[in-house]
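1. sequence and computational prediction follow.
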Amino acid sequence: MANMLFKQVPRTLEDLITQVEKGTLGLPELQRGYVWKAAKVRDLLDSMMKGFPIGYLMLWDSSDDSNKSKQIGIDNKIYSTPKNLIIDGQQRLTSLFAVMRGKKIVDDKFNEKPIIISFNPLTRIFEI
């Protein structure tokens with residue numbers, strides 16, 4: 001029987017956001033910069049609210065302390081090297097972290113900026 005290369009590990013959104021906040025979940029250095037526009041983030045939140053699937057995240061359990069990685073968002077805290085790295089889902093997870101924790105992101109041109117999304121509970125519509 002072949003060794004399993006991947007395993008499904010269910011995690012809640014709160015768990016993922018907390019791991020990002022604590023610095024235990026980060027990005028490999030090879031990941032491109034943040035490129036999503038606010039309208040795409042709005043559409044992600046709208047899809048989640050409506051119960052549509054938003055895809056899987058692929059994480060790499062990295063036990064190598066010498067790997068080159070970076071944190072998600074902007075924070076003044078110094079973290080150790082993240083043990084889990086996001087291989088697929090960076091834009092989605094970075095967007096959710098920034099919106100839910102009110103953190104700025106660094107875009108692909110190294111500019112810091114917030115992602116501001118509003119929600120009208122009466123109409124159940126997200127706006128930028």
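-> Now that the structure is in, tell me what you want to look at.
2. what is the neighbour count of Lys40?
-> Residues contacting Lys40 under the criterion other C-beta atoms under 10 Å number 14. All C-beta atoms are positioned from the backbone trio N, CA, C, and that covers glycine.
3. low-confidence stretches in the chain?
-> Along the chain, segments meeting pLDDT under 70 span 1-2, 4, 63-80.
4. hmm, try it at 80
-> By pLDDT under 80, the low-scoring segments of the chain are 1-7, 9, 30, 62-81.
5. hey, where'd the strands end up in it?
-> Counting by DSSP state E, one finds strands in the chain at the ranges 25-28, 58-61, 69-70, 84-88, 105-106, 112-113, 118-120, 125-127.
6. of the ones you listed, which is nearest Lys7?
-> Across the strands of the chain, Lys7 has its closest neighbour in strand 58-61 (9.5 Å, C-beta to C-beta).
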